[in-house]
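Chemist: Dropping the sequence and predicted coords here.
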Amino acid sequence: MRDPAPRRLRRAAALLAALVALLLVPLLAGPARAQDAGAALARMATEQFAQIEAGIADLTASGSPLALPALEALADGRLYYSPDKSVFIKQADGRWIDARTGAASAADPASPKPVRLNNRVRRALEAALGSLSLMNPDPAKRLAAAEAVVKSRDAAALPAVEAALAKETDPRIRKALSQAKAATTIFLDTATESEKVAAIETVAGRGDQDALNLLGAVRERGTPILKLAAETASAGIERRLALLNGLQNVWYGLSLGSVLLLAAIGLAITFGVMGVINMAHGEMVMLGAYTTFLVQEFLRTRYPALFDLSLPIAIPLAFLVAGAVGVALERGVIRFLYGRPLETLLATWGVSLILQQTVRTLFGANNREVGAPSYMAGSFDFFGLTVTHGRLWIVVFAMAVFACLLFVLKATSFGLKMRAVTQNRRMASCMGIRTPWLDAMTFGLGSGIAGIAGVALSQIDNVSPNLGQSYIVDSFMVVVFGGVGNLWGTLVAALTLGIANKFLEPVAGAVLGKIALLVFIILFIQKRPRGLFAQKGRAVEA
Amino acid sequence: MNAQPELTQALLYLDGVSVSFDGFRALNNLSLVIGPGEMRAIIGPNGAGKTTMMDIVTGKTRPDEGDVLFDGRVDLTRLDEASIAELGIGRKFQKPTVFESQTVEDNLLLALKGPRSAAASLFGWRNRVKASELDGVLETVGLAEHRARLAADLSHGQKQWLEIGMLLAQDPKLLLVDEPVAGMTDAETEETARLLTRIAGNHAVVVVEHDMAFVRALGCKVTCLHEGTVLAEGPIDAVSANERVIEVYLGR
Amino acid sequence: MIASRLLAGLDLKGRVFLAALAGLAVLVPVLNLAVPETSALHVPTYVVSLLGKYLSYALLAVALDLVWGYCGILSLGHGAFFALGGYAMGMYLMRQIGPRGVYGNPTLPDFMVFLNWKELPLTWYGFQSFPYAMLMVVLAPGLLALVFGWFAFRSRVTGVYLSIITQAMTYALLLAFFRNDMGFGGNNGLTDFKDILGFNIQAQTTRVGLFVATVVALALGYAVARAMVNSAYGKVLIAVRDAESRARFLGYRVERYKLVAFTVSACMAGVAGALYVPQVGIINPSEFAPANSIEAVIWVAVGGRGTLVGAALGAIVVNFAKTWFTGALPELWLFGLGALFVLVTLFLPKGVVGTLSAWSGGRRQAAPAGVAAAPAAE
């Protein structure tokens, strides 16, 4: 399609005018601004509200950098004038600034009087402050101001928004400004219906709760056409928000699942692979958390600069501490109880009591403060999802631990021997594998991993002697649900339970959701006693 | 479905039975017929499906496909172990399994025919059990003078006999006996062969065994399983002369 | 006649145990009520209640021994049955307070008034009646055990899996009873009881009465459990424990045998809980804590599982030690309890009573067994 010539001409002329304007603005504006600002301020040195309001408008229009501090002072009641029409800003420390120069005043003003406000002036002042922020040199402040207009839909801000839109170059802020313009246009009596429909579409492009609120207002009191447009747009936003909410739940579920995975993965080795019921597993996690605490205490007192390294240092230490306790437990108690799972359960429960009481005696019964390194704090926005760094790190860490463990089991000679022993102990022993040594090492590995989990859990849970207790039931549920002896099953089970929990929580509440999951697992074990990914086999004699 | 007259004659009838575990075909289109009062020996290499076959007959494992009929009319694939036992199928495990903390007499009392429900046992069916039956079984398996001993104190061979005695006390129509002479002395093996031949006639007996001398001593029809299916069937001499049997099982 | 048959079935341990209980039932009330407080022989009322508490624990231990010792079911959820019985009793006691509560509401217990509830929840109906409450003491844990066991045993969940899901069961109940909406007093549970069957619950004579009731309940519980394990049913139960699939292939419906034992045991635990609550004066959700159930298991293990008497004695001795330690050396109690778990499983798997009777029984049985073995060897 061809443009008709006159329209093309008009467009070229507009472009030229804009270019000229752009060139001229810096040339003309500089001196004019200071002058205008001074005059505007002088107008405000009065008791007449109409004059003050006009002064505010002039000051805003001047675009002078002096305008914002003066108007802010006015809003706070710190703007004073003298009978000689000079205007001052009173600072918090009681000193005076000349509003016309922005510099400290040479002498205290003679008999200063505050510039007064009434409701009308206050509204004008607020609009002025809003539009001034739209011009703020700081992009973040401009964006926030534009967002504020979207929320307030204040028609008075429209001229300022339009002015800002003309100057703005940052595409994100431009978008926010055009949404702000649209949001005010929708409620503008002077706007045409087609303009309003277009504005509804622009606002709907935000796709968030603010847009939904705004459209809700349109649906209440707009014309039929506008109502229809608003309803269509709302439906789209609601779908998007529901999807986003679902994704957010999945993400929370993944991060909860990662916590469960961390807690259960060591148990997947000791219970799943070795068949040892270790009720002291939670205490291995606790030892890992206390190791983190000790590392941080040490760094805090000796090398405060290295505090951010506390977690990388704590990980291998926690592995060693919990692993060593695990090896001692296997050699000292468990090896005498192989083939007697119920007795193993009781004995390790006893060990868990002893470990808890030991820690309680050494560190006290109260929670210990474990700090978060800087990279664990903060969050970022991912297509509308808020992702906190802490959660992200836990997910990444859990997956990394899982991958390492898988590697150890599948690709190292230790893992090969371990699998050999669990499949056929006697044959493995005949082939020269020292099975007692291997049992101890395997148990140490499972316990060590529990210790590593403790490092991560110290970041999200209270570090107290009871830390382990709160994970033991969950951990067993995860391992049993996933299928004993199957690492992938443990992964799937942990993530499934995590996500299911987060989806149940809004429906049933946190406690009922958890109870529902427990009941579900109890019923599930009835149906498939060997878990999700059980290996079938020839029926064995019991 | 089982209209053929031959089927109603058979005590145990397996047709086209297959079952697999994680892709491994433990039984592959297995067919087997045992007549009433018949003695049958089942041989075959490890993993041939001998124990799986017993698992399926006793209801411990469900077949993926195929028919398993008892007495020509009862579909065993739908029943659980207890119901199958009540129908009259007894099973002896590979590893002797007796109630170790109870006496020989109590072991047999637990096995003797009679009401099996929890209510009946709570209110004393034991008084109604005939002492003569108990004595008969004790005599048959040669444990009469050990009746007051704890089962745990018996020798390995005696435990095997006690378990066979428990099967007898059940008075089943069919006995499934898995490797009864594993770990026995030669004298004990001979005694066991005599015991089993005595039992056959009144009861059908299926014996799974590796010990060829023992199988020969039983003097009955032999079925050789291989990879979950029947490789050869017939008198012991014919089966042990079969080329394929020699190749996969007996060795040259 | 039944009593004489029962006595005939008792071994020496059982007779001594019942005689000791009878002695306690007479001696303790006399020493408390008839002996003046100034006398050295006087038993203070708080000790009577403490003994009553130990004996209700002993009943719980007997219940647990019935399933663990004779059927091989290691339940880590018996605390739940105990607590359910306790709650049923607690609800009766709450309804007995009537208008004497802080808020003076004639039907609603104080915590409901506090929560702004207007009507009594359906679950609380009928609990003003003692017979109904006693029925619930048995029925609530019994039904839970019946349903739970029916699912679990039918699908052949055994060994540690069963232990873990019983633990999950009591954990789920712990979480549930913590909720205020459940209508069982939430966090604080039920307390501030006033009277039972019209007697002031604080009164010395009531306390003695409760103690005697506990002794009788323990003796009855022991007798029932002993009668069960001595019957043909008990022989099947032991058979199931030792070789479950053998029993199954002999034609026994193993799951029904287990279910009967599990349910009877749960009812017994419920009665124990109901006797415990008026003597300690409170029931709250912490009774459901998995740790409590495991602790009950160690009582049985210490005394000797599969002995019944041992279980009861284990409960009494361990709890006496707990009372003494937590008073004198509170720091050391958990070390001691933990060590007890480890040492008993490692060095005394039959428990004290089991080991003792193995020694004495072994000497008596050694001769005939040796004689019988001799001809077989020839």
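Modeler: It's in.
Chemist: Can you tell me what sits against stretch C:172-183?
Modeler: Stretch C:172-183 has contacts (Cβ atoms under 8 Å, 6 or more residues apart in numbering or on different chains) with A:511-512, A:514-515, A:518-519, A:522, C:80, C:83-84, C:87, C:112, C:115, C:117, C:121, C:123-124, C:184, C:186-187, C:189, C:285-286, C:288-290. In short, each C-beta sits where N, CA and C put it, glycine included.
Chemist: Mind listing what's buried along that stretch?
Modeler: By 16 or more other Cβ atoms under 10 Å in any protein chain shown, the buried positions in stretch C:172-183 come out as C:172-179, C:182-183.
Chemist: List just the nearest of these to chain A.
Modeler: C:Ala172 (4.2 Å; Cβ to the nearest Cβ).
Chemist: Show the subsequent helix or strand relative to the helix or strand harbouring C:Met91.
Modeler: Element membership for C:Met91, per DSSP states H and E: helix C:78-97. Next helix or strand after helix C:78-97 toward the C-terminus (DSSP H and E): helix C:110-114.
Chemist: who touches C:Glu295 in this structure?
Modeler: For C:Glu295, the contact set (Cβ under 8 Å, 6+ apart) comprises C:318, C:337.
Chemist: Check the secondary structure at it for me.
Modeler: Under DSSP: H, G, I helix; E, B strand; the rest coil, the three-state class of C:Glu295 is helix.
Chemist: Distance of C:Gln202 relative to chain B?
Modeler: 42 Å (Cβ to the nearest Cβ, to the nearest Å).
Chemist: mind checking how far that residue is from A:Val259?
Modeler: C:Gln202 is 48 Å from A:Val259, where distance means Cβ to Cβ, to the nearest Å.
Chemist: Find me the pLDDT at residue 96, would you?
Modeler: Defaulting to chain A. We have a pLDDT of 84 for A:Trp96.
Chemist: hmm, I had chain C in mind actually
Modeler: Looking at C:Gln96, its pLDDT stands at 93.
Chemist: Chain B contacts on chain C?
Modeler: Chain C comes close to chain B at residues C:228, C:231-233, C:235-236, C:238-239, C:242-243, C:245-254, C:256-257, C:259-260, C:368-369, C:372-373, C:375-376, as judged by Cβ under 8 Å from any Cβ of the partner chain.
Chemist: again, 7 Å this time
Modeler: When proximity is defined by Cβ under 7 Å from any Cβ of the partner chain, chain C lies next to chain B at C:231-233, C:235-236, C:238-239, C:242-243, C:246, C:248-253, C:256-257, C:260, C:369, C:372, C:375-376.
Chemist: Quick one, which of those are buried?
Modeler: Buried members of the residues of chain C next to chain B, counted by 16+ other Cβ under 10 Å: C:231-233, C:235-236, C:238-239, C:242-243, C:246, C:248-253, C:256-257, C:260, C:372.
Chemist: A:Ala365 touches A:Asn466, doesn't it?
Modeler: No: the pair A:Ala365 / A:Asn466 is not scored as a contact, 8.6 Å apart, by Cβ atoms under 7 Å.
Chemist: So between these two, which is more surrounded?
Modeler: The residue with more neighbours, out of A:Ala365 and A:Asn466, is A:Asn466; 15 against 12, by other Cβ atoms under 10 Å in any protein chain shown.
Chemist: Let me see the confidence value for that one.
Modeler: At A:Asn466, the model reports a pLDDT of 89.
Chemist: what helix or strand is the nearest residue to it once chain neighbours are set aside on?
Modeler: Spatial nearest neighbour of A:Asn466, chain neighbours left out: A:Gln356 (7.1 Å); criterion: Cβ to Cβ, 6 or more residues apart in numbering or on different chains. Assigned by DSSP H and E, A:Gln356 belongs to helix A:341-363.
Chemist: how about that helix: buried residues?
Modeler: Buried-residue list, helix A:341-363, by 16+ other Cβ under 10 Å: A:341-360.
Chemist: Neighbouring strands - and their directions - for the helix or strand just after that helix?
Modeler: For helix A:341-363, the following helix or strand on the C-terminal side (DSSP H and E) is strand A:379-382. Strand A:379-382 has the following strand partners under DSSP bridges: strand A:385-388 (antiparallel).
Chemist: Report the separation between the residue of chain C at minimum distance from chain B and B:Val181.
Modeler: Chain B sits closest to C:Gly251 of chain C, with a gap of 3.5 Å, by Cβ to the nearest Cβ. Going from C:Gly251 to B:Val181 by Cβ to Cβ gives 26 Å.
Chemist: Show the contacting residues for A:Met279.
Modeler: A:345, A:348-349, A:352, A:472 (Cβ atoms under 7 Å, 6 or more residues apart in numbering or on different chains).
Chemist: if we go to 10 Å?
Modeler: Listed by Cβ atoms under 10 Å, 6 or more residues apart in numbering or on different chains, the contact set of A:Met279 reads A:344-353, A:468-469, A:472, A:476, C:76, C:167, C:290, C:294, C:341.
Chemist: Can I have the buried ones of the contacts of stretch C:172-183 as a PyMOL selection?
Modeler: Listed next is the PyMOL selection for buried residues among the contacts of stretch C:172-183, using 16+ other Cβ under 10 Å:
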select buried, (chain A and resi 511+512+514+515+518+522) or (chain C and resi 80+83+84+87+112+124+184+186+189+285+286+288+289+290)
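Chemist: from the contacts of stretch C:172-183, which ones fall inside helices?
Modeler: Per DSSP state H, helices hold the following members of the contacts of stretch C:172-183: A:511-512, A:514-515, A:518-519, A:522, C:80, C:83-84, C:87, C:112, C:290.
Chemist: As a markdown table, those residues with distance to A:Asn249 and pLDDT would be great.
Modeler: Output for the ones in helices among the contacts of stretch C:172-183, formatted as a markdown table (distance: Cβ to Cβ, whole Å; pLDDT from 0 to 100):
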| residue | distance to A:Asn249 | pLDDT |
| --- | --- | --- |
| A:Val511 | 18 | 83 |
| A:Leu512 | 16 | 85 |
| A:Lys514 | 16 | 83 |
| A:Ile515 | 19 | 85 |
| A:Leu518 | 20 | 84 |
| A:Val519 | 21 | 85 |
| A:Ile522 | 24 | 81 |
| C:Ala80 | 32 | 97 |
| C:Ala83 | 34 | 97 |
| C:Leu84 | 35 | 97 |
| C:Tyr87 | 35 | 97 |
| C:Met112 | 35 | 92 |
| C:Pro290 | 29 | 92 |
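Chemist: Pick out the most distant pair among those.
Modeler: Greatest spatial distance in the ones in helices among the contacts of stretch C:172-183: A:Ile522 and C:Met112, 30.4 Å, computed using Cβ to Cβ.
Chemist: just checking, C:Val26 touches C:Val215?
Modeler: Yes: under the criterion of Cβ atoms under 10 Å, C:Val26 makes contact with C:Val215 at 9.5 Å.
Chemist: Many thanks, I have nothing further to ask.
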